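S.K.: Could you look at this predicted model? Sequence included:
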Amino acid sequence: MPILIKDFSWSETETHVTLTIPLRGVRPNKADIFSSNLYIKVNFPPYLFEAHLFAPVLEEQCSARVGNGAVVFNLVKESPAIWGRLVCEEESRDKMTLIRQEAIEHGHLKYKEEAKEKARKKREEEKFAIKQQMKLEEEEKDRIEKEKQDERDKATSELESWKKAPPSAPPTRSVRKDVWTGKEEQPLPPPRAGGNITITFTPRPFTNAARESKVAEEEEWLAKMAAARKIKQPDNKKDNKRKGEEEEEGESINERNPEFLKDRGNEFFKTGNFEAAINVFTQALKLNHLLPSLYANRAACYLSTGNTEACISDCCKALELYYPVVPANVSSRAKVLARRGTAYAKEGDLDLALQDYDTAAKLEPKNSSLQEDYQNLKKHIMSLKI
């Protein structure tokens, strides 16, 4: 049974109420806050605070802030007045249960409405972003085509000028004569032409020397990448059936190409449109779920939006696909490990964050930026222990 909080503090003016609830040593991210116009509940096991307010408040203008070991509510009264008390007179258990249920139902209804509105705005933003990206691509295509046409016109003009120019006179040959004999001097033969010797080396897809390689691991990595590239795309028969619908929606063949979608997602990420980038990477993964870079890039988007749990999940999937460890994926593994370490640090799991950063630093000891972040994390952990 939860322990009810009684040692809260509050103050009021005619228009505002300030309510402070101590967390009693519980971590702030463990606090679950729920509020409506007449009901407030803060659940942070094993403690619980709930109150039926004396009068209604403007829910849209109220706010709650968690920090410094407490939850602070700033409530705006619906009607300016001095309450004199925070909660109404004590009601029976059935009455409090009814008030609580009404508040929860009101909150759920409001949440559904907000979710619908948020989804609508999200769809509009995605459509706008895609239209803008397509517009930029079309402008870039027109610019390149114009440059090509200018080059063709220039070459045609130069060719016409050359055809109209008069033929040049053949070069004159100077003759040297020996002053004493009067005979023509014979020209010396030209130097012997140089030759080229072609040397071919055994083709090798990795940058390290063969004596330093691990053949079994490298062959396994190449086989995984070849399997990822062989994933079949939707067949032509299904495409023909969907052709009319795709033409209406403006879908192109490129939008069914995972590599094209990955490049588009990277462009969205560079411009800060993380939600659109996540959608594009997710669509690419539906087409090809064996490309580790898609999980790694989507994890970066999740980290930028604060969704650390999804970031950690995608990083784990990317690390599974970036196995075994070979020179071709060392840099990518280090980036994914650092990304997951940052997500762990934001969640407060500093030990797991330090483990990931330690592994990443060993993979890329010459990466100064990574080494600096690793040292800063160690100093932060040491300062907390002190």
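M.R.: Sure thing, it's come through. As the structure is a computational prediction, the values presented were derived from the model and not from experiment. Numbering: from 1, shown residues only.

S.K.: contacts and neighbour counts: CA atoms only from here.
M.R.: Fine.

S.K.: what are the ranges of the helices in the stretch 251-386 of the chain?
M.R.: In the stretch 251-386 of the chain, the segments counted as helices under DSSP state H, counting those that start in this stretch are 258-270, 274-287, 292-305, 308-321, 330-347, 350-363, 368-385.

S.K.: who wins for proximity to Gly67 among the ones you listed?
M.R.: helix 330-347 (15.2 Å; CA to CA).

S.K.: For that closest one, which helices and strands make contact with it?
M.R.: Where contact means 3 or more CA pairs under 8 Å, 6 or more residues apart in numbering; DSSP states H and E, helix 330-347 is packed against helix 292-305, helix 308-321, helix 350-363.

S.K.: which residues touch it?
M.R.: By CA atoms under 8 Å, 6 or more residues apart in numbering, the surrounding residues in contact with helix 330-347 are 296, 299-300, 303, 308-309, 311-312, 315, 318-319, 322, 350, 352-357, 359-361, 363-364, 370.

S.K.: What degree of burial does Lys110 show, as a neighbour count?
M.R.: Residues near Lys110, counting by other CA atoms under 10 Å, number 13.

S.K.: quick revisit: going through the contacts of helix 330-347, which ones are buried?
M.R.: Listed as buried from those are 296, 299-300, 303, 308-309, 311-312, 315, 318-319, 322, 350, 352-354, 356-357, 360-361, 363-364, 370; burial here means 16 or more other CA atoms under 10 Å.

S.K.: Switch the helices of the stretch 251-386 of the chain over to JSON lines; also include distance to Gly194.
M.R.: What follows is the helices of the stretch 251-386 of the chain, written out as JSON lines (distance: least, CA to CA, whole Å):
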{"stretch": "helix 258-270", "distance to Gly194": "46"}
{"stretch": "helix 274-287", "distance to Gly194": "53"}
{"stretch": "helix 292-305", "distance to Gly194": "48"}
{"stretch": "helix 308-321", "distance to Gly194": "51"}
{"stretch": "helix 330-347", "distance to Gly194": "43"}
{"stretch": "helix 350-363", "distance to Gly194": "47"}
{"stretch": "helix 368-385", "distance to Gly194": "47"}
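
S.K.: Tabulate the ones you listed in a markdown table, adding columns for distance to Asn43 and mean pLDDT.
M.R.: Below are the helices of the stretch 251-386 of the chain laid out as a markdown table (distance: least, CA to CA, whole Å; pLDDT from 0 to 100):
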| stretch | distance to Asn43 | mean pLDDT |
| --- | --- | --- |
| helix 258-270 | 37 | 92 |
| helix 274-287 | 31 | 93 |
| helix 292-305 | 26 | 94 |
| helix 308-321 | 22 | 93 |
| helix 330-347 | 19 | 93 |
| helix 350-363 | 25 | 93 |
| helix 368-385 | 27 | 89 |
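
S.K.: List just the one of these that sits closest to Leu23.
M.R.: Among the helices of the stretch 251-386 of the chain, helix 330-347 comes nearest to Leu23, with 18.4 Å by CA to CA.

S.K.: secondary structure element for Arg120?
M.R.: In the assignment (DSSP states H and E), Arg120 maps to helix 93-164.

S.K.: Measure how buried the spatially closest residue to Tyr47 that is not a sequence neighbour is and give me the count.
M.R.: In space, Tyr47 comes closest to Ile3 once its chain neighbours are excluded; the distance is 4.6 Å by CA to CA, 6 or more residues apart in numbering. Neighbourhood size, Ile3 [other CA under 10 Å]: 12.

S.K.: So what touches whatever helix or strand Lys41 lives in?
M.R.: Counting by DSSP H and E, the element that carries Lys41 is strand 39-44. The list of residues contacting strand 39-44 from outside it, by CA under 8 Å, 6+ apart, reads 23, 26, 30-35, 48-53, 99-100, 103.

S.K.: and these, which are buried?
M.R.: Of the members of the contacts of strand 39-44, the ones counted as buried by neighbours, 16+ other CA under 10 Å, are 23, 31, 35, 48-53, 100, 103.

S.K.: Could you find the closest non-adjacent residue to the residue nearest the centre of the chain?
M.R.: Nearest to the mean C-alpha position of the chain, by CA atoms, centre = their mean, lies Cys301 at 2.0 Å. In space, and not counting its chain neighbours, Cys301 is closest to Phe274: 5.4 Å by CA to CA, 6+ apart.

S.K.: and what of Val71?
M.R.: Ile21 (5.2 Å).

S.K.: same deal with Asp358?
M.R.: Tyr374 (7.0 Å).

S.K.: and the one you found, how many neighbours?
M.R.: Neighbours of Tyr374 using other CA under 10 Å come to 20.

S.K.: looking at it, it is touching Thr359, isn't it?
M.R.: No. Applying CA atoms under 8 Å as the test, Tyr374 and Thr359 come out as separate, 10.0 Å apart.

S.K.: returning to what we had before: got a list of what the residue nearest to Asp358 touches?
M.R.: The neighbours of Tyr374, taking CA under 8 Å, 6+ apart as the test, are 354, 357-358, 361.

S.K.: domains of this structure?
M.R.: According to automatic domain parsing, the chain comprises the domains 3-90, 257-385.

S.K.: would you say Leu75 is within a helix?
M.R.: No. Leu75: not assigned to a helix; according to DSSP: H, G, I helix; E, B strand; the rest coil it is strand.

S.K.: roughly how far apart are it and Asn37?
M.R.: From Leu75 across to Asn37, the span is 9 Å (CA to CA, to the nearest Å).

S.K.: hey, what's in contact with both of the two?
M.R.: Common neighbours of Leu75 and Asn37 (CA under 8 Å, 6+ apart) are 57-59.

S.K.: Tell me the one of the residues you listed nearest Lys270?
M.R.: Glu59 (36.8 Å).

S.K.: if we can go back for a sec, narrow the buried ones among the contacts of strand 39-44 to those in helices?
M.R.: Using DSSP state H to define helices, the subset of these located there is 100, 103.

S.K.: Could you point out which of the buried ones among the contacts of strand 39-44 is nearest to Phe281?
M.R.: Nearest to Phe281 out of these is Ala31 (CA to CA; 32.8 Å).
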